[in-house]
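Colleague: For reference, the sequence and a predicted model appear below.
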There are 2 protein chains.
Amino acid sequence: MAATLIKGAEVAAQIREELKQEVADLKAKHNIVPGLVTILVGEDPGSVSYVTAKQKTAHELGFYSVQDSQPPTISEADLLALIDKYNKDPKLHGILVQLPLPKSIDTNKVLYAIDPNKDVDAFHPVNVGRILIGQYAFLPCTPAGCQELIVRATGDPKGKELVVVGRSNIVGKPMVAIMIQKLPGANCTVTCVHTGTPKDKMIEHCRRADILVVAAGVPKYVQADWVKEGAVVIDVGVNRIGMTESGKAKLAGDVDFDTVKEKASFITPVPGGVGPMTITMLMKNTVMAAKLAAGLVKV
Amino acid sequence: MAATLIKGAEVAAQIREELKQEVADLKAKHNIVPGLVTILVGEDPGSVSYVTAKQKTAHELGFYSVQDSQPPTISEADLLALIDKYNKDPKLHGILVQLPLPKSIDTNKVLYAIDPNKDVDAFHPVNVGRILIGQYAFLPCTPAGCQELIVRATGDPKGKELVVVGRSNIVGKPMVAIMIQKLPGANCTVTCVHTGTPKDKMIEHCRRADILVVAAGVPKYVQADWVKEGAVVIDVGVNRIGMTESGKAKLAGDVDFDTVKEKASFITPVPGGVGPMTITMLMKNTVMAAKLAAGLVKV
């Protein structure tokens, strides 16, 4: 059996259509325009391309958006002052600091200076804690994108066996926190396997997963014989494994796609799976932040 | 095989001895005396007995301690003002609000008003988030007590299969967050089963656990045939199942102790297992809070 591809770009486009409608409603009914500032320090080409894409999407959705580019020489104090300014700006509901920051700057100090209610990346400990407690406004974009793909492509995962491979603060751990909750779109039995898990146990756990979320950071790590027939496989990995003939980076996920797709019922490709979801989830968080600021929702 | 009993009172006494030494050192080397205020609203006999025990232990360890008893009629605003006062008091490093609070008061609002660096119960979202991120000063007392029992009775659980039964915000979810970390005393492969887990899967997971932490809230829920030969069983349950002849409440854990003890290698009794640990962990957190305030440790 060949798996159905979960096309992230298509799901993301659908969510953006929903958001566009919500933004129009917020404007019409409450005179609210979601506002997003993206802060870019330096000119790393990857980072430039990310913030450009974020700004473009924000613009398309009808947001008020600000791109703030700072030189790589900006001091930590000046960056903190900038965050403080945006924290106080009522037109901006979401503040995104593009990572990585220069090594001279304490990344956590900067991220944790963002008002948690404007922290649309959901990296602030308050937001991480709210997620584990189950009373949250924002979810971090990548695991939230995984959850959306699971739910929209395969239905509510309630009661399913979900195995998360990896325990990063960006993906693995929040994925566990999200899917453990007694909430719609979650309520799974969750196991997290990681570098501390003996290999034989790792394979055993993967083999019994109804849903397998892989964020291991190792190209083609998960093999076909680790995957149960009919499982849903979400591949968060983005590994550069060489160059294409046209000179672009050749990407591979953390799953051995060509063989695993013969066993899974649904699978996300790399690229084109989880990747296209993240910016859209950031936009969703910004709309939520605008509603939070207006008191239309509470946490 | 009959399991070795993990005697919480003995482990707790050992930790208190260590803390007493640490308190003496803090006083001698840094002129720091850990300070704890316990706030009791109303006169619920259970709550009175808890805060009395906490005060007694704080006193024994050489803390500066304050017991603040308020009438059940205190307003939320007045209680928040009190918290604010203690947040600003440099002699008090830990603030504990005894729960439950009267229904007229928003418990979360009160708990979340405590300075996270004085939140020795570790219920504030900032502290919950720090735990999941793996950069924390405090752990919530009950799961921290479970971790101490596991480590001190059976050694570092690194690489073990740990199954948590239950997903409360007080025990199950923080237990998952603690034991998933790449840190000493943790680094387990963690599965959380709960009310959303089908019964057959629940039993299957329990059966493969090297370490089973049960916080289900159902008396004698976990049966002998759910437990692997040689497993370590930590029973967090405290259920009143009647009265003893002398008129005291008869307690049962969430584990069918009499049969499970024949299969486990280590087991905590109820009462006398996890229970005696919690106050000691609160004291440990208060010492940590004093060190935090003095800049001797950082998070």
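Modeller: Right, received. Where do you want to start? Residues are numbered from 1 along each chain as shown, chains lettered A, B, ... in the order given.
Colleague: For A:Ala264, which non-adjacent residue is closest in space?
Modeller: Among residues not flanking A:Ala264 along the chain, A:Ala3 sits closest, at 4.0 Å (Cβ to Cβ, 6 or more residues apart in numbering or on different chains). The way it works is simple: take the backbone N, C-alpha and C, and place the C-beta from them, glycine included.
Colleague: quick one: pLDDT of the residue of chain A positioned farthest from its centre?
Modeller: Centroid-distance maximum for chain A: A:Glu245 at 29.9 Å, with Cα atoms, centre = their mean. What the model reports for A:Glu245 is a pLDDT of 85.
Colleague: what about the residue nearest to A:Ala264, neighbour count?
Modeller: 21 (other Cβ atoms under 10 Å in any protein chain shown).
Colleague: Next: the one 3 residues further on.
Modeller: Around A:Ile6 there are 25 other residues, counting by other Cβ under 10 Å.
Colleague: now it: how far from A:Asp210?
Modeller: 15 Å (Cβ to Cβ, to the nearest Å).
Colleague: What residues sit buried inside stretch A:23-39?
Modeller: Neighbour-count burial for stretch A:23-39, counted by 16 or more other Cβ atoms under 10 Å in any protein chain shown, picks out A:Val23, A:Leu26, A:Ile32, A:Pro34, A:Gly35, A:Leu36, A:Val37, A:Thr38, A:Ile39.
Colleague: Contacts only, for the residue nearest to the third one when sequence neighbours are not counted.
Modeller: Yep, that's A:Ile32 we're talking about. What sits nearest to A:Ile32 in space, not counting adjacent residues and going by Cβ to Cβ, 6+ apart, is A:Leu26, at 4.4 Å. For A:Leu26, the contact set (Cβ atoms under 8 Å, 6 or more residues apart in numbering or on different chains) comprises A:Ile32, A:Val33, A:Pro34, A:Val287, A:Ala290, A:Lys291.
Colleague: where does the third one fall, phi/psi-wise?
Modeller: Comment: the main-chain dihedrals of A:Pro34 come out as phi -60, psi 130, following degrees, to the nearest 10.
Colleague: Up against chain B, what does the stretch 1-150 of chain A have?
Modeller: Within reach of chain B by Cβ under 8 Å from any Cβ of the partner chain, the stretch 1-150 of chain A has these residues: A:His124, A:Pro125, A:Val126, A:Asn127, A:Val128, A:Gly129, A:Arg130, A:Ile131, A:Leu132, A:Ile133, A:Gly134.
Colleague: and for the helix or strand harbouring A:Tyr50, what are the contacting residues?
Modeller: Under the criterion DSSP states H and E, the helix or strand holding A:Tyr50 is helix A:45-60. The contact list for helix A:45-60 (Cβ under 8 Å, 6+ apart) reads A:16, A:20, A:36, A:38, A:40, A:65, A:67, A:96, A:98-100, A:279-280, A:282-283, A:286.
Colleague: average pLDDT for that helix?
Modeller: pLDDT averaged over helix A:45-60 gives 96.
Colleague: Stretch A:218-235 too?
Modeller: 98.
Colleague: coming back round to it: can you give me the pLDDT of the residue nearest to A:Ile32?
Modeller: For A:Leu26, the predicted pLDDT is 98.
Colleague: okay, now A:Ser168: neighbour count?
Modeller: Count around A:Ser168 with other Cβ under 10 Å applied: 16.
Colleague: Now for the residue nearest to it when sequence neighbours are not counted, how many residues are close by?
Modeller: Once flanking residues are discounted, A:Ser168 sits nearest to A:Ala215: 6.2 Å by Cβ to Cβ, 6+ apart. Neighbours of A:Ala215 under the rule other Cβ under 10 Å: 26.
Colleague: Same question for the one 5 residues further on.
Modeller: When neighbours are defined as other Cβ under 10 Å, A:Lys220 has 19 of them.
Colleague: re the thing from before, show me which of the residues of the stretch 1-150 of chain A next to chain B is closest to A:Arg152.
Modeller: A:Arg152 lies nearest to A:Ile131 out of the residues of the stretch 1-150 of chain A next to chain B, by Cβ to Cβ, at 20.1 Å.
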